[in-house]
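In: model the structure of this input:
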Amino acid sequence: MNSDHISRSKLNKFLKPINFAGYEREMESMPKSSFLFVTYNRCPYKNFDRNPLVWAFQSLINNRRYEINDYVVIDDCSTDYTRDCIRWLSKKYDIKIRYFKNRRKKEYSHNRRMGIYKTKNNLVFMGDDDCIYAPEFLAGSMLTHYLLEKNLGKSKIAVINLPAYEKSIYPKKSVQLADIGKVFLKKTYFRHEFDKFPKEYLRHPRYINKKGDILEPIEVDTFKGVNLCNKTLILNCGNYMDLSEWNYGYSEHIELSRRINTMGYLIFHQPDPRISCIHLQFGKKQTKDILNSRLRNKKILGLKYSLGKMVDLSEINNLNTGARDSVEIFHFVEIGSFFSFYLKISTSLGLKFAINQYKFFVLQEKVYPFIPKFNYLSKEKRKDIFYKAIQKGLEVSKKQSNKKFNGIYKKIIKETQKLCTTFS
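Out: Next up, the predicted model:
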């Protein structure tokens, strides 16, 4: 995969406000939609204006041309000021937020599974609780959905994935269309690349509307946590899996994506940077400042702080918020949950993934072949994480599929020992 840096000047024509002229009647008749937040300890401050969940709500409340009439918050047993912030938001902005708090932590996939039942509308937005949503995020998403349905006829659109840029208002890199949102099942890996811009669109932009104003969505194989979905179709596919046995089941979207594809429904990615959000990654401290002065001073409609100030407030090391984990747990869950995903499809795919992952993670210090080395865990530690993850993946797979998978662990040990000899 080759990705190239993009200058702001090359993107300027894609950052101008969307021209909704001519769509007034369509916008007025748009169906109502819900917004589902799953949150955990994203309101640590008594000064509510300093909390990322508040910023997420404020950015949506101040969106142009479209309003959410049904907010649902699933609080995964937070120990901070989340409940107080929800009450404050409801009163200050005169909006109804239906709030549900777990008595114990259930993890994100379980909460999305349960939360979608609690939404009132068939179209449901899902978004991270530490994102700032662009002023035209809601209207642009709804118009994209309307135009896709109009072009495709009978609706089979299960999900429209929406881009989230890490601490930026626009994509910093571009990739080929063929590299965006693809699952290479037989090779046991996949690519998201949803924060990157299609190279082909830089040269020859494709638009979904005749006015040439909204970029054409890309049909993809999978999706991530910021999206607009059709609840009926998601439930027809069996909904999100309950992966609460993992600390954040990283395989949740690829598990659901496979069922969506099997059912013949469609997944799209909308690469238009005006229909996006800024992912602040609250609780993760960066090693360097990635914002230039122009972006640092950027004011967001309806929010008290500049983008730079919100990034600074998010720049803390905190493993007790959102989906933050230690590097050891992160790799354990990633290897184990994805191994379980492939194993439940077939033992041959599970075995292939395990061997590939041993080669990349243990022997080459990589997560995938196209990701640089990480250089922060010893080889012995990586081996320990790998084998424990595989054992956990087997345990979970047996429970979820009622299959025994006899002998697979011994085969993995045998094959990985061969790899050690080859790479020694």
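
In: counting by contacts, list what the lengthiest helix in the chain packs against.
Out: In the chain, taking DSSP state H as the definition, the longest helix is helix 379-401. Where contact means 3 or more CB pairs under 8 Å, 6 or more residues apart in numbering; DSSP states H and E, helix 379-401 is packed against helix 327-345, helix 347-357, helix 408-423. (Each C-beta comes from the backbone N, C-alpha and C, glycine too.)

In: which of those helices sits most buried?
Out: helix 327-345 (a mean of 22; mean count of other CB atoms under 10 Å).

In: show me what that one is packed against.
Out: If contacts are counted by 3+ CB pairs under 8 Å, 6+ apart, helix 327-345 sits against helix 252-262, helix 347-357, helix 379-401.

In: report the mean per-residue pLDDT for the first one.
Out: Helix 252-262 shows a mean pLDDT of 96 in the predicted model.

In: quick one on the thing from earlier: closest to Thr321 out of the helices and strands packed on helix 327-345?
Out: Checking these against Thr321 by CB to CB gives helix 252-262 as the closest, at 18.9 Å.

In: in that closest one, what counts as buried?
Out: By neighbour count with 16 or more other CB atoms under 10 Å, helix 252-262 contains the buried residues Glu252, His253, Ile254, Glu255, Leu256, Ser257, Arg258, Arg259, Ile260, Asn261.

In: quick one: which of those residues is nearest to Val220?
Out: Proximity of these to Val220 (CB to CB) peaks at Ser257, which lies at 8.6 Å.

In: and the closest one, how far from Ser337?
Out: 14 Å (CB to CB, to the nearest Å).

In: now swap in Glu26 and tell me
Out: 41 Å.

In: now do the same for the residue lying closest to Asn102 once chain neighbours are set aside: its pLDDT.
Out: Using CB to CB, 6 or more residues apart in numbering and skipping residues adjacent in sequence, the residue nearest Asn102 is Cys77, 4.7 Å away. Turning to Cys77, the model gives it a pLDDT of 96.

In: can you check the one 4 residues further on too?
Out: pLDDT, the model's per-residue confidence, is 97 for Tyr81.

In: give the bridge partners for Glu230, please.
Out: In this structure residue 230 is Asn, not Glu. For Asn230, the beta-bridge partners are Leu123 (DSSP bridges).

In: contacts only, for it.
Out: Shown in contact with Asn230 (CB atoms under 8 Å, 6 or more residues apart in numbering): Asn122, Leu123, Val124, Ser155, Ile157, Ala158, Val159.

In: which of those residues are buried? Put it as a ChimeraX command.
Out: To isolate the buried members of the contacts of Asn230 in ChimeraX, using 16+ other CB under 10 Å:
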select :123,124,157,158,159
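
In: okay if I get the contacts of Asn230 as JSON lines plus distance to Phe268 and pLDDT?
Out: Formatted as JSON lines, those follow (distance: CB to CB, whole Å; pLDDT from 0 to 100):
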{"residue": "Asn122", "distance to Phe268": "17", "pLDDT": "97"}
{"residue": "Leu123", "distance to Phe268": "14", "pLDDT": "98"}
{"residue": "Val124", "distance to Phe268": "16", "pLDDT": "98"}
{"residue": "Ser155", "distance to Phe268": "12", "pLDDT": "78"}
{"residue": "Ile157", "distance to Phe268": "7", "pLDDT": "96"}
{"residue": "Ala158", "distance to Phe268": "9", "pLDDT": "97"}
{"residue": "Val159", "distance to Phe268": "7", "pLDDT": "98"}
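
In: can you say which two of the contacts of Asn230 are spatially most distant?
Out: Val124 and Ser155 (14.3 Å).

In: now for the buried residues of helix 252-262, which pair is the farthest apart?
Out: That would be Glu252 and Asn261, which, of the buried residues of helix 252-262, are the farthest apart (CB to CB) at 15.3 Å.

In: following the record's annotation, map out the domains of the chain.
Out: As assigned by automatic domain parsing, the chain contains the domains 4-314, 327-423.

In: where among the ones you listed is average confidence lowest?
Out: Mean pLDDT is lowest for domain 327-423 out of the domains of the chain, coming in at a mean of 89.

In: if I pick the closest residue to Ser257 other than its chain neighbours, what's in contact with it?
Out: Computed as CB to CB, 6+ apart, the closest residue to Ser257 that is not its neighbour in sequence is Thr222, at 4.0 Å. Residues near Thr222 by CB under 8 Å, 6+ apart: Gly181, Lys182, Val183, Phe190, His192, His253, Ile254, Ser257, Ile267.

In: try 7 Å
Out: Gly181, Val183, Phe190, His253, Ile254, Ser257, Ile267 (CB atoms under 7 Å, 6 or more residues apart in numbering).

In: bridged to the last one, which residues?
Out: With DSSP bridges applied, Ile267 shows beta-bridge pairing to Val159, Val220.

In: ok, which stretches of the stretch 151-300 of the chain are helices?
Out: Taking DSSP state H, counting those that start in this stretch as the criterion, the stretch 151-300 of the chain carries its helices at 199-203, 231-236, 252-262, 293-296.

In: still on that earlier bit, okay, the helices and strands packed on helix 379-401 in JSON lines with distance to Ile300 next?
Out: Compiled in JSON lines, the helices and strands packed on helix 379-401 are given as follows (distance: least, CB to CB, whole Å):
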{"stretch": "helix 327-345", "distance to Ile300": "30"}
{"stretch": "helix 347-357", "distance to Ile300": "40"}
{"stretch": "helix 408-423", "distance to Ile300": "48"}
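
In: Ile218: which of those helices is closest?
Out: Nearest to Ile218, of all the helices and strands packed on helix 379-401, is helix 327-345, at 23.1 Å by CB to CB.
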